[in-house]
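A.B. asks: 3D model of this:
(2 chains)
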Amino acid sequence: MRELKCAFPKTIPVLTGYVFLGIIYGILMTTNGFPAWLPVLTALVIYTGSMEFLMVDILLSSFNPVSALGTALMIGARHIFYGISMLNKYRGTGKAKFYLIYTTSDETFALNYDAVIPHGCDRTKYYLAVSFLDQMYWVSGAALGAFFGSMITIPVQGLDFVMTAMFVSIFMNQWMKDRDELKKTAQASAAEDRKKISLQDWILRHAPELTGVAGSVFCLLIFGPDRFIVPSMIVILAILTLIRKPVEAVYDAAEEKDQEASVGEAAEEKHQKEADEMNQTEAVHEAAEEERI
Amino acid sequence: MSMTPAEMAITILVVTAGTVFTRFLPYIAFPEGRKIPKYVTYLGKVLGPAVFGLLCVYCFRNTDFITSFAAGGNHGIPAIIGLVVTVAVFAARRQMFLSMAAGTAAYMIVLNLL
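C.D. replies: Numbers count the residues shown, from 1 in each chain, chains lettered A, B, ... in the order given. Presented below is the predicted three-dimensional model:
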């Protein structure tokens, strides 16, 4: 299928990441006593790396389905945003829509959101190819790690830190994106009122991350390591709702500047095109004049 | 107290249901044509980063920063080093898998050294 050929190169970074991480996940599961088919199963039906790593912990603790559900909803909260962003792009995908939505992982969302469908490729089949390939990478990694992980003889003590490292990296990614937005907004201000990034703007821009960390630490100290997740979620939701107005103001202002910038870029491109056309017409006239002479 | 297989099955089911729900919710709530409330759009933007803040704290929830070497602990030094390396590599290269590998390697090395 030609869509598979078109999609495959785009998914290569996901291939390396998912297979590597999947292998670690499979190993982590089996070294904690779980059967090899379990990580393969979760890779198929849960298909959320961060959640699956947490499952290792959750399944080793005492039975608490309410907390598990709460965690799944919190971790999955970002899927809600992905869905909102893909509402239009996944329209008209017919029978494939269920699978496309089901397999919206972070990386698949990123790929399909940015995708420029190549000429001659069917849009639905392209999205399908990307989603399918990504999930197969993850499932394969998990299977490899689960079934063949015991053959690895290097000491694996401390390998579970990979989960911490993953969350820290995702957190950093978000933090730095926000920092970039702050810089862009400061630079975009007109020369007269160009100002350094104020502490207030800095706090408001990073408010989601700061709220997440501060609210969790607060609840961790009060409720202890086994009980702090649900209270943290409530506290985070409450704080974010309370500070909504100022945070939204900063975020919306940044989006406006982004839009102005892209409108400005489009306008510049138009000017450039018109200038080029004028030069061309002049050149044609000059050539015609020389001909006459 | 650990779970029975039945309890594990229920947990997996619950987590699967929760995850699937978050993926399908936007398409159910906003079928083609319906407008999205601003509050929902706002939450979509801010909840994600906040959750990962929570998850980072979750990962360190059991790290013992206090117990000294004499008492058999390690002051959480491997964890701190792992954290610093992950942050530094990401800040420098902005590649997720690279910083994950570096941070994990650093943690494992320090842990096995001490």
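A.B. asks: Looking from chain A, tell me which residue of chain B is nearest.
C.D. replies: For chain B, the residue closest to chain A is B:Gly53, as judged by CB to the nearest CB, at 2.3 Å. Where C-beta positions appear, they are placed from N, C-alpha and C, glycine not excepted.
A.B. asks: Stretch B:105-114 and chain A in contact?
C.D. replies: Yes - using CB under 8 Å from any CB of the partner chain, stretch B:105-114 comes into contact with chain A via B:Tyr107, B:Met108, B:Leu111, B:Asn112.
A.B. asks: Which element, helix or strand, includes residue 44?
C.D. replies: I went with chain A, as the question did not name one. Here A:Leu44 sits within helix A:37-45, counting by DSSP states H and E.
A.B. asks: Wait, chain B was what I had in mind.
C.D. replies: helix B:38-59.
A.B. asks: One more: B:Met3?
C.D. replies: Applying DSSP H and E, one finds B:Met3 in no helix or strand.
A.B. asks: Relative to chain B, how far out is the residue nearest the centre of chain A?
C.D. replies: Taking CA atoms, centre = their mean, the centroid of chain A lies closest to A:Asp106, which sits 4.3 Å from it. Separation of A:Asp106 from chain B (CB to the nearest CB, to the nearest Å) stands at 10 Å.
A.B. asks: Over to that residue: give its phi and psi.
C.D. replies: phi -50, psi -50 (degrees, to the nearest 10).
A.B. asks: Against B:Ile77, how distant is it?
C.D. replies: Look at A:Asp106 and B:Ile77: by CB to CB, to the nearest Å, they are 31 Å apart.
A.B. asks: now swap in A:Ile229 and tell me
C.D. replies: 26 Å.
A.B. asks: Could you pull up the residues touching the most centrally placed residue in chain B?
C.D. replies: Centroid check for chain B by CA atoms, centre = their mean gives B:Leu55 as the closest residue, at 3.7 Å. Shown in contact with B:Leu55 (CB atoms under 8 Å, 6 or more residues apart in numbering or on different chains): A:Ser50, A:Ile75, A:Phe167, A:Phe171.
A.B. asks: before we move on, back to that, now, the residues of stretch B:105-114 next to chain A that are in strands?
C.D. replies: Applying DSSP state E to those, no entry is found in strands.
A.B. asks: For stretch B:57-77, C-alpha coordinates in PDB please.
C.D. replies: Listed next in PDB are the C-alpha coordinates belonging to stretch B:57-77 (Å, rounded to 0.1, in the frame of the first residue of the first chain):
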ATOM      1  CA  VAL B  57       6.600  14.500  41.900                       C
ATOM      2  CA  TYR B  58       5.000  11.100  41.800                       C
ATOM      3  CA  CYS B  59       8.200   9.500  40.600                       C
ATOM      4  CA  PHE B  60      10.200  11.000  43.500                       C
ATOM      5  CA  ARG B  61       7.500  10.400  46.100                       C
ATOM      6  CA  ASN B  62       9.400   7.500  47.800                       C
ATOM      7  CA  THR B  63      12.900   8.900  47.300                       C
ATOM      8  CA  ASP B  64      14.600   9.100  50.600                       C
ATOM      9  CA  PHE B  65      16.500  12.300  50.700                       C
ATOM     10  CA  ILE B  66      17.100  12.100  54.400                       C
ATOM     11  CA  THR B  67      18.700   8.800  55.200                       C
ATOM     12  CA  SER B  68      22.500   9.200  55.300                       C
ATOM     13  CA  PHE B  69      25.000   6.700  54.000                       C
ATOM     14  CA  ALA B  70      25.800   5.700  57.600                       C
ATOM     15  CA  ALA B  71      22.200   4.600  58.000                       C
ATOM     16  CA  GLY B  72      22.200   2.600  54.800                       C
ATOM     17  CA  GLY B  73      20.600   5.200  52.600                       C
ATOM     18  CA  ASN B  74      22.100   7.400  50.000                       C
ATOM     19  CA  HIS B  75      20.500  10.800  50.600                       C
ATOM     20  CA  GLY B  76      18.700  10.400  47.300                       C
ATOM     21  CA  ILE B  77      22.000  11.300  45.500                       C
END
